[in-house]
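> Whatever this is, show me its structure:
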Amino acid sequence: MSRRGLIVILALLGAAVVISVVAVTALYLLLGRGPSLPEHAMLRLEVGGELPEQPPSDVAAVLRGNPPLTVHAIVESLRRAKTDDRVAGVLLRPTGFTTPYWGKVQEIRDAVLEFRTSGKPVYAYLEYASERDYYLATAADKIFLMPASSLDLTGVATYQLFLRGTLDMIGVYPDLHRIGDYKSAVETFTEKGYTPAHKEMDTAINRSLYDQLVQGIAEGRRKPDADVRLLIDQGPYLPDAATRAGLVDEVGYENEAKEALRAATGAPEDPDRDPLHEDDEIDGRAYAGRGSSLLGLSSRPRIGVIYASGAITSGKSGFDPVNGPTVGSETLIEAIKLARKDDSLRALVLRIDSPGGSSVASDAIWHELTLAARADDRPLVASMSDLAASGGYYIAMAADTIVAQPSTLTGSIGIFGGKYVTGGLYNKLGAQIDSTSHGKRAEFESPVRRFTPDEVGKLDEQLRAFYDDFVAKVAQSRRKSVAEIEAVAQGRVWTGRQALDNGLVDGLGGLDRAVAIAKERVGIAADEEVELAVFPPHRPFYELLSELSGSGAWRQNGAGGWTSGRLNAAERDVLRALRGPFALFRRGEPLALMPYRYLSFAP
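Okay, here's the model as predicted:
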């Protein structure tokens, strides 16, 4: 190549680099300015649905459009709005939740209370109000209830589905074994009703959640706890009765709540303004996610946030039509390695929303997290969302500090395994299964007969080895004796508040609290802004499309993505129970999985 040709090529490359830098900088400045807002704007924040931890990662969800705001996006919007001079107030609109848990609702409620310290008003508008909708609304200055609605405040109830009678009818025997008297996941299939230990555990969890509900209402409505308990016993309420009881402030429609909020913000009166023309309102979706840190160009200190959301499985992360997102050990370990190698990260936060799953996958993830925690002496803080139980608690043990919401469901330090004997079902259908095998235990996983005493001994040996190792690791992580951990293990599920009392977690709070602890550990000032780097990184749309066209594994998950959109939460709960605990996992794999205890039968 001639010298002149080389100069031309280098000049073209240089021009391309300059154009790219200019384009990225322009995009950075465009997004960094945030959404266009009028002066004295109201932020309308709808909160409901599944409250995901991360944006959707399957093509079906992306193509459906309008993805729900993540928990962090909602909390971050409130945090930014607190100091945004353009935002004069917030209209909070709970719209119902499709999962039965309380942790994420509690985290958002805390963010609303923190916003109120700015002195700006928050009004809540309820078109319908269940316990969690109302619990969230009690963080507001005023609560409006729609005239045709009701306040369904009746207490906390959970439902456990037992399938043993059904399995007996169809000729299936659940040959399931566990370590831990409270490891009740197997009882969904082995029992026809509560065992004493299972009932004791559920009663204690419900009592803790009920007490937290009472405390939240009492503080929000400025009433004694005893009065709130009496009011709950008298529910549900029609709108006028709810007003007389002091549970809501006014009965009215959304436009009336908005007008009242405008007046409370001190908005200047404009006689020419059309009250139906909402030009001073900004929707929460438009306001969220416009910070400059999205592009990674910020000069702020960086903290990595590693998300583990879903049932823990071996292999790649994906989406199951019944169980939702799954945390694949291969995918998460790859993300942890990326975070470990990123020298710009001052600290790491592990955000967990998982009921657990595969014992093998959980152990592999835990090991990789311990390596990341030791790398360059960077602190690792665990933040528990709705769930961090069994395998979810297992991976949290790698952290220096564990933070949970008071209503997080955690613990469940136990394990179970086994198989379903389906030979009777095939016989009922006129089918017969015969086998040929060599080896004393070659038919260990036989679907036509129960385990022999010898095989039960071998299975129990495997389960006991994992359980003992689990307890020993918890003891080491929590700096307690094995006997102390054994007393709170046995597969028992605890709320975050109970877990704090039992020494299984270190503090209460959400992701912001975990980040604050990480900042303190590395000497970042409490009021200094940081950039949160997300792991696994969000996958680009073209990568999702390539999976759609070329990956057999995705075709299965993709179908699940579409199917799950047609199932409500109750249908998914029942299908998950009917399908059994082994569908997501390798054959014969011991499971560190929390019980299927919360079943919502509301449509």
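> How much space separates the residue nearest the centre of the chain from Arg521?
The centroid of the chain falls nearest to Asp353 when counting by CA atoms, centre = their mean (3.9 Å). Using CB to CB, to the nearest Å, Asp353 is found at 23 Å from Arg521. Quick note: C-beta positions are derived from backbone N, CA and C, even for glycine.
> before we move on, the earlier item: so the residue nearest to the centre of the chain is in contact with Ser309, correct?
Yes: the criterion here is CB atoms under 8 Å, and Asp353 meets it with Ser309 at 4.5 Å.
> Next up, the contacts around the residue nearest to the centre of the chain.
For Asp353, the contacting residues are 53, 307-310, 384-388, 392, by CB atoms under 8 Å, 6 or more residues apart in numbering.
> what's the most distant pair in those residues?
Gly310 and Met384 (14.3 Å; CB to CB).
> of the two, who's got more company?
The neighbour comparison of Gly310 against Met384 (other CB atoms under 10 Å) goes to Met384, with 31 against 25.
> Using the three-state scheme, assign that one.
Look at Met384: counting by DSSP: H, G, I helix; E, B strand; the rest coil, its state is strand.
> So which helix or strand of the chain has the lowest pLDDT on average?
helix 552-564 (a mean of 34; mean pLDDT, DSSP states H and E).
> residue contacts, the closest residue to Pro325 other than its chain neighbours?
Leaving aside its sequence neighbours, Pro325 sits nearest to Gly310 (CB to CB, 6 or more residues apart in numbering; 3.6 Å). Residues in contact with Gly310 (CB under 8 Å, 6+ apart) are 317, 323-327, 353-354.
> any idea which element the closest residue in space to Pro406 that isn't next to it in sequence lies in?
Leaving aside its chain neighbours, Pro406 sits nearest to Arg497 (4.2 Å; criterion: CB to CB, 6+ apart). Assigned by DSSP states H and E, Arg497 belongs to helix 496-501.
> quick check, Arg132 in a helix?
Yes: judged by three-state DSSP, Arg132 forms part of a helix.
> Pull up the gap between it and Gly509, please.
19 Å.
> Ok, Ala286 next?
Distance from Ala286 to Gly509, by CB to CB: 28 Å.
> For these two, indicate the residue with more neighbours.
Gly509 (20 against 15).
> show me what contacts the more buried one?
110, 403, 405.
> and with 6 Å instead?
Contact analysis of Gly509 by CB atoms under 6 Å, 6 or more residues apart in numbering lists Val403.
> Give me the phi and psi angles of the residue nearest to Pro325.
Backbone geometry at Gly310, expressed as degrees, to the nearest 10, gives phi 130, psi 180.
> any low-confidence regions in the chain?
1-36, 57-66, 269-279, 289-298, 322, 539-603 (pLDDT under 70).
> How is it divided into domains?
41-154+235-267+277-287, 292-431+445-535+578-593 (automatic domain parsing).
> So for Ala197, which of the ones you listed sits nearest?
domain 292-431+445-535+578-593 (8.2 Å).
> the strands in the stretch 101-250 of the chain, which residues?
122-126, 142-145, 173-179, 250-251 (DSSP state E, counting those that start in this stretch).
> from the middle of its chain, how far away would the shortest one be?
Taking CA atoms, centre = their mean, to the nearest Å, the mean C-alpha location of strand 250-251 is offset from the chain mean by 33 Å.
> Okay, now the sheet partners of that strand, with direction.
strand 142-145 (parallel) (DSSP bridges).
> tell me the phi and psi of Ser362?
phi -60, psi -40.
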